[in-house]
Each structure stands twice: as C-alpha cells, then as structure tokens.
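A.B. asks: Need a 3D model of the following:
(chains A and B)
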Amino acid sequence: MAESVTDDSFYARRDRLVALLGQAAELEHAACCQYLFAAFSMRRAPEPGRCTWAQVEQIRGWKTTMLTIARMEMEHLAIVSNILTALGETAWFHRPPFPVAAGESEIGVELSLTTFGLDALGRFVELEVPDHPTDTQRSLVDYLKTSTLPADKRLSAALGAPVTAGHSIAALYDEIEQLVVQLTDVSQPPLFVGPPSAQVDNIAVFPSFPPVSNNARVYDMQITAVTDGPSVAAAIKQIRDEGEGGGAGNAAVDGNHFHEFATMYIALSQATRQDPSFTPGLPVVPNPIVASPWPADVAPVGTTTVTRPDTASALELYDLAYDVGLRMLARMFGTTPETDRGYEALVDTVFFPMMTLVFRPLGDVLVDMPAFTDPADSRRAGPTFRVPRDVGVIPHSSTAWTVLARQLEELRDRADALARTATFEPLVMERLQFLAQNLWRMHANFASKSGLGVEP
Amino acid sequence: MSAAAAPRQVATTYVRFAGWATIRLPTDPDPADEKRGASGYTFAFAGEPDLDRIIRFQPQKDPARLRDGAPWTWGVNVTECFTLYPDGRRTTHTSVAGEQVDLLGSPKLENRNWLFTLPGWEPVYPFEICIGQDDQTIRRRAPLTDPEQPIERVATADLMAQGAAGANMEPETVGAATGLWNSWLKLVQRRDWLERQLKTEQDDLRRVVLEARLRQVRMAVATPTDRRVMAHYAVERFFFRVSGPSAVVPTSGPLAGLDPKAPWTISYWFGAWDFDLLGVYTQGVLSIPHASGASDAAS
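C.D. replies: Purely as a prediction, here's the structure:
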C-alpha cells in the first residue's frame, strides 16, 4: 500500500481517497473471480478413489456458499463503484492479471486462480480475516495448531505471521472511512459532486418481477446507493459486516465471509483427515491463459497455457464475454438512465443474461474441457478472467452502442462456430449449443433495445 | 386470439384434464441449463438424474426421475369430456374420462433467465398435446410461428402470445383444485415424513438423498415466507390457439367428427409448485370444434 500522504490539502486527501477506492475495487474484483473459479472447479459427480456421492453433496453445500459470497463481492464492487461515482470519478474495473504473488500483493495474500481445495480455501480465509482476532479466528487457529495435515501448515503459518500495519482489506476500509469523515467536514469544499441519478442500486439492477426494493436483499445482494457521508459510512459498514464481520473491534457475526470460509476450511480439513483420498476439486490447471498470437509475448510466471485448440477457443470466448460484460458495467456506472436511451439495454443484458447464461454456464463447462491435446493428460481448463486492455467508459453514446453491439455480435458468431465445430463430450456440446442460442438472442435483444436493430 | 370473426355454428368438444406433473428445473439464480443445482432452491441430489427442465405429464412412467413421498397420485388425466351442440344439447363422453393426457417433444418453460420473457410470461415449448391412445388418440401441435423457427429467433410477441399471462398468487384456485390449502403445513408434514424415512433407511445413497431433501425442507419450514413455501400459491395461466398442420383425431367412436384443420383452443394453468418433489398441478380444457356436417356421436 502506498505511504500515507503528508499533504493535508483537500485535494491531496481526495486523491488518496480515490486511489484507495481503486485498490478496494481491484481487491473485491479479484476476490470475486477467485471465488467463482473455485466454485466452477468443484466436483459435481463422484469419482472412484477421489469422491463419493455423500462427499458430492457436501461439496454442493460449499458451492452454494462460494457462489453466494462471489455474488456479494460483486455487490461490494458495485458499492465501491457507487462511491467513486458519487465523488465524480469513474468506476474502476481494472485489476492486475492473475497470479499476483503474496509479496507483490497490497495485502500480502497471493491472488490466484486455482482449483477448490485446502490451498485455495486457505487463501480465501486470509483474504477475509479481520484485523482484530475474533472467537471464530481463534478457534480456527487452535484447530490448525493441532492438525497434522501438511496442507494445514501453510494457513497456520500465515495466520500466525505478524500483520504488517496498514496492509489488509480491513485497514484499507478503515482509512477510506476516515478520509470521508475528514473530507465531509463543513469546512471543506463539496465532496459528493456526482449525479445521484447515476447511482446503481437494487431497483436499477433487478427487474421488476418480483417487485424489489432497496431495503431487501435479492439473491443475497443489496446494492447500496451513496450520496453523502452517512450513506458512505453505512455502505462501508455493510461491506465490512459481510466480509470480515464488522469493523475494528467488532466481534465476527455468523454468515460473514470470513466465518463461512473458516467453517468450510475446518470441514474440508476434517473430511480430508478422515479420507485422505478425498479430492473435492477437479484437476483444473492453475491460472489458465491462452497463448498470445504475438511471438514476442512470454507467458507470465505462474500461468498455464491451454493448448488444446477448441478449448483455447472456448477460453477466448470467455475472455470476450468478460470484456463485453466489464465494458457494459463501466458504461452502466458512467451514465444515467435519463440521458442514455440505451440504459435499459445495458441492464437487461448484464442482469441477468450475461451473468447467468454466459459467465456461469461457460465457466462451469470450461472445467469439463481438456486443457491439452494429449488424451493421457487429464488436466482441465478454466476461465482466465483476463481483464481487457481498456475497460473504461466508451465516452460517446452512439459509438458505445455500436461497439457493444458489434462485440455481442462477435460473441454470438464465435459461440455458434464453437458449438458447431468443437469435439467435446456430448453434455459439454449440449451446453455450448444452448449458449450459442442464448447469445444469438442476447445480441438481437441488445441491438433492438439500443435502437440498432429490429426486435426479434 | 382474434375475436373479430364470429364463431362457426358447429359442435365443440371440450376435453377437461387435471393432475400432477413434474418439472425438474433449476431455479434463479442458477442458469437455465444448470444440471445439478447450486444457487437456487431446486437440486438433483446424489444419484439422481440431471435437472432437464422437461415437463412430464406422466412422470410415473419414469420412476428414476420421481422422488418418493408425494401425498397425491402422479399423472394428468381427462376428468370430463363433453360436446356442446349449436342447438344447446350436451353429450357427455364417459369413456374418455380417465384417459392419459401428455405433452410430447420434451417441452420446457422457456424464459431462460429472463432472456426470452419475464418469469410467469414464458411459453411451454414445444407444445404438442396428446390425449388417449390407439385409434382414439387426439394430438396436435401449437407452433410458435409459421413456418417454425428456432425458438431463440422467435419474436417476443409470438413467444408471449403462447406464454402465460403472468404468475399470480391464487390460494383459492390451488386449494380448491388440490385440497392443499396450507403450503407450510404441507411442508411440515413432508419434513415429518422424511424424518421417519431416515430413521429406517439402510441404503447409504438413499440416506444421502433423504438428508439433502430434509435440509431444504427444514429451511422452508423455518421461514414461512420463503419462496420455497410461497411458490405453492402461484398460478400461471395459459390460453392460446392450437393450430398445427398435422392434427390427429379419431375417425370412429365417441370423438369422431373433430375438425383437424380448424384452430382448437387450450386454456390451462400450472400451480401448487412443490420444490421438494419438483411437482406441479395442472388443470385445463382443450376445446375442439367439429367439422361442418359431422353427425352426433353416442357417448
């Protein structure tokens, strides 16, 4: 984390606040991707010598929790984006590519896409651990101290290591809160200059059936609008209560992310002690990428280049979908409904179709695809979550619709080609064909609603 | 359906039907093609086949996809069949009562995570109804468009023309049709039944399934306003023409004289959704005009 600035001016402290919000956005975004990757990699069927049906049911419960937490990280990213918008800044969807070594991470925790297991879960516990020891944390540490499992040693050491002051998600939000209080003092210039109508909340995101309000959670999400100091404080409290279980000095509350991950970790560790062959995650390669078309590019350290051609095409499809999805989100947070005739088209494409008909099913099916052409190599692929070069707001409205529609068109055509030419097992092909149908419709709907085409 | 043309002065046969069907479908926010269930409240548990969204009007014919514990008999059947004549006469066809009603072609509710329509407004696609058997079969398809297009390319207006008219809470409709007036109480009784089964079940795999079902039912019982409980009262109503080109109608017997070319109409509803058994109750009527000049048929 950058050194605190010593310049006391409003503008220096505001710059610091914006920088920290950018870091918060990157961390929430990275957390979400890691949790999704782990969820996709979880076994859905038994395999002799690795997983029984009873264990599959246990894994399913963990997958439900993991996906819930991933959705809540999306909610946190949305809230941070709202705070940036309220300050008159643009939402921030950039983040470093995976993997990020612990020593290079702002909070000293490795950020990496790996299959579900004690290693991944341990990192998730570290990501969400509160700064001040809670009863749950103490019980987890006590449990780990008694473990003879080699896999438990890493987390035990990590939780026991001294925490570098100011280098945690908790410290990050502490400083954000303090800066907002300072900057909203009556002696300061106005801090919140963004248009309130640009705030994205539950009603903006979720369709009107069933009727939703901003006071109720919808699929575990409650996206909070912010317009002033008190609403920012309430929003940050919400993030911290849900994540680490409260701010400084607060006891952890059941259901927060740290508590859920710690509980899950203990359960998996115990299950592994009882059955050392239990392998809850599929053999998904860590940090998968697609080979760059430019010979001079070298694969980043810690990544795995997927080389089977049709699997690589599927990964590129995911990359493109992710690109489009992020650009649409950037546009959504960077505009207002009354000034942008295509706002409804954005919302109707991103919530829910892109999430539930593209990201989730394609992620689920990528882990069923072989990563390499050697039939003896059972390792599988997974989404890369590669952030595109530019996820800023496309500034001109009519250009934005043309570009986004064109990207959806490319997505549609690539999905159609993959569904016709790939040679995966039947269930995978069935899902790819379903995906292709839905992308056809998504493009047509978007083109119609943004005024570029005829309604299907 | 257009009301511009006056109805022809021909006899019309009404085939009323009702019963319990299954729809093994994932629920929001799981993807429409989710096979096992994760984020919603419906699941394919250990050893069970994948969720497939197919509406089965005769689920008892596929026991591998049917869970135990239903307090009802599965299957949709004709409850009454009669013909009304232009002169006001009515003839009841008692031999048709009890015939099986089926939907062919692996039909599904097609909203696809709100992509095609909002939930509650989606069509059943493909829609091909089949009643009876052998030479007394009545069968016809209701294509969404003419000529038929792949569903993802069908205009929204055409999807909704055959879609439900929303999903509304109708406790009286559901209670009167099924005898199940209190969803929460039904689930309390289900919980008790599952617990009794678990006490005596010896098979490991079946125990895993019972435990998983019990977890979900207990969640529902603990929260009476949960969607698992409240969805029981939601009713989706459909009303549209059935006018596909290749209708099959009996040429002899009590249902001789049905017109295979004129549009038929169907009106039906789904309700009483049971998330544990993946079951739904349906009730409806298929209205079939007679061909001009067809004579009366004995019941």
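A.B. asks: tell me the contacts of residue 279?
C.D. replies: By default, I'm working from chain A. Applying CB atoms under 8 Å, 6 or more residues apart in numbering or on different chains, we find residue A:279 in contact with A:43, A:47, A:50, A:51, A:117. From N, CA and C alone the C-beta is placed, and that goes for glycine too.
A.B. asks: wait, chain B
C.D. replies: Residue B:279 touches B:20, B:21, B:22, B:23, B:59, B:70, B:72, B:74, B:272, B:273, counting by CB under 8 Å, 6+ apart.
A.B. asks: So what does the nearest residue to residue B:285 once chain neighbours are set aside look like in phi/psi?
C.D. replies: Once flanking residues are discounted, residue B:285 sits nearest to residue B:16: 4.7 Å by CB to CB, 6 or more residues apart in numbering or on different chains. Note on residue B:16: backbone dihedrals following degrees, to the nearest 10 are phi -90, psi 140.
A.B. asks: Please apply the same query to residue B:266.
C.D. replies: phi -130, psi 140.
A.B. asks: For it, give the beta-bridge partners.
C.D. replies: Under DSSP bridges, the beta-bridge partners of residue B:266 are residue B:240, residue B:286.
A.B. asks: where does chain A dip in pLDDT?
C.D. replies: A:1-6, A:163-166, A:207-211, A:245-254, A:338-339, A:454-456 (pLDDT under 70).
A.B. asks: Weed out the non-buried ones from the contacts of residue A:279.
C.D. replies: Neighbour counting by 16 or more other CB atoms under 10 Å in any protein chain shown classes A:43, A:50, A:51, A:117 among these as buried.
A.B. asks: before we move on, back to that, kindly reformat the contacts of residue B:279 as CSV containing secondary structure.
C.D. replies: Output for the contacts of residue B:279, formatted as CSV (DSSP: H, G, I helix; E, B strand; the rest coil):
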residue, secondary structure
B:20, strand
B:21, strand
B:22, strand
B:23, strand
B:59, helix
B:70, coil
B:72, coil
B:74, strand
B:272, strand
B:273, strand
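A.B. asks: thinking again about what came up before, of all the buried ones among the contacts of residue A:279, which comes closest to chain B?
C.D. replies: The closest of these to chain B turns out to be residue A:43 (CB to the nearest CB; 10.3 Å).
A.B. asks: need the contact list for that closest one.
C.D. replies: Contacts of residue A:43 (CB under 8 Å, 6+ apart): A:50, A:51, A:55, A:56, A:59, A:279, A:280, A:281, A:282.
A.B. asks: can you check residue B:273 too?
C.D. replies: Taking CB under 8 Å, 6+ apart as the test, what residue B:273 contacts is B:231, B:232, B:234, B:279, B:280.
A.B. asks: which residues are contacting stretch B:109-119?
C.D. replies: The contact list for stretch B:109-119, computed with CB under 8 Å, 6+ apart, reads A:207, A:209, A:348, A:352-353, A:356-357, A:438, A:441-442, A:445, B:23, B:25, B:28-29, B:31-32, B:53, B:55, B:121-125, B:151-152, B:156, B:159-160, B:163, B:167.
A.B. asks: Could you rerun that using 7 Å?
C.D. replies: Applying CB atoms under 7 Å, 6 or more residues apart in numbering or on different chains, the contact partners of stretch B:109-119 are A:207, A:209, A:352-353, A:356-357, A:438, A:441-442, B:23, B:28, B:31-32, B:53, B:122-125, B:151, B:156, B:159-160, B:163, B:167.
A.B. asks: how far out from the middle of the chain is it?
C.D. replies: 17 Å (CA atoms, centre = their mean, to the nearest Å).
A.B. asks: okay, how far is it across it, tip to tip?
C.D. replies: The first and last residues of stretch B:109-119 sit 9 Å apart, counting by CA to CA, to the nearest Å.
A.B. asks: For it, list every residue counted as buried.
C.D. replies: By 16+ other CB under 10 Å, the buried positions in stretch B:109-119 come out as B:109, B:110, B:111, B:112, B:113, B:114, B:115, B:116, B:117, B:119.
A.B. asks: For residue B:180, give its distance to residue B:69.
C.D. replies: Separation of residue B:180 from residue B:69 (CB to CB, to the nearest Å): 14 Å.
A.B. asks: Show me which of the two is the more surrounded one.
C.D. replies: residue B:180 (19 against 15; other CB atoms under 10 Å in any protein chain shown).
A.B. asks: mind checking the SS state of the more buried one?
C.D. replies: Going by three-state DSSP: residue B:180 is coil.
A.B. asks: Correct me if wrong: it contacts residue B:190.
C.D. replies: No. Assessed by CB atoms under 7 Å, residue B:180 is found out of contact with residue B:190, at 11.1 Å.
A.B. asks: of all the residues in the stretch 151-299 of chain B, which ones are close to chain A?
C.D. replies: Within the stretch 151-299 of chain B, the residues that sit near chain A (CB under 7 Å from any CB of the partner chain) are B:152, B:153, B:155, B:156, B:205, B:208, B:212.
A.B. asks: and with 6 Å instead?
C.D. replies: B:152, B:155, B:205, B:208, B:212 (CB under 6 Å from any CB of the partner chain).
A.B. asks: Where does the last one sit, in terms of helix or strand?
C.D. replies: Element membership of residue B:212 [criterion: DSSP states H and E] is helix B:204-222.
A.B. asks: So for that helix, mean pLDDT?
C.D. replies: Helix B:204-222 shows a mean pLDDT of 97.
A.B. asks: Run through who's touching it.
C.D. replies: A:53-54, A:57, B:45-47, B:187-188, B:190-191, B:194, B:197-198, B:201, B:226, B:228-229, B:276 (CB atoms under 6 Å, 6 or more residues apart in numbering or on different chains).
A.B. asks: Not counting residues beside it along the chain, what's closest to residue A:72?
C.D. replies: Nearest to residue A:72 is residue A:242, by CB to CB, 6+ apart, at 5.5 Å.
A.B. asks: Near the one you found, how many other residues are there?
C.D. replies: 22.
A.B. asks: Can you give me the distance of it to residue A:125?
C.D. replies: From residue A:242 to residue A:125 the distance is 16 Å (CB to CB).
A.B. asks: Please apply the same query to residue A:154.
C.D. replies: Applying CB to CB to residue A:154 and residue A:125 gives a distance of 11 Å.
A.B. asks: Tell me which residues touch residue B:105, please.
C.D. replies: B:126, B:128 are the contacts of residue B:105 under CB under 6 Å, 6+ apart.
A.B. asks: Tell me both backbone torsions, phi and psi, for it.
C.D. replies: Per degrees, to the nearest 10, the backbone of residue B:105 is at phi 80, psi 20.
A.B. asks: Lovely, talk soon.
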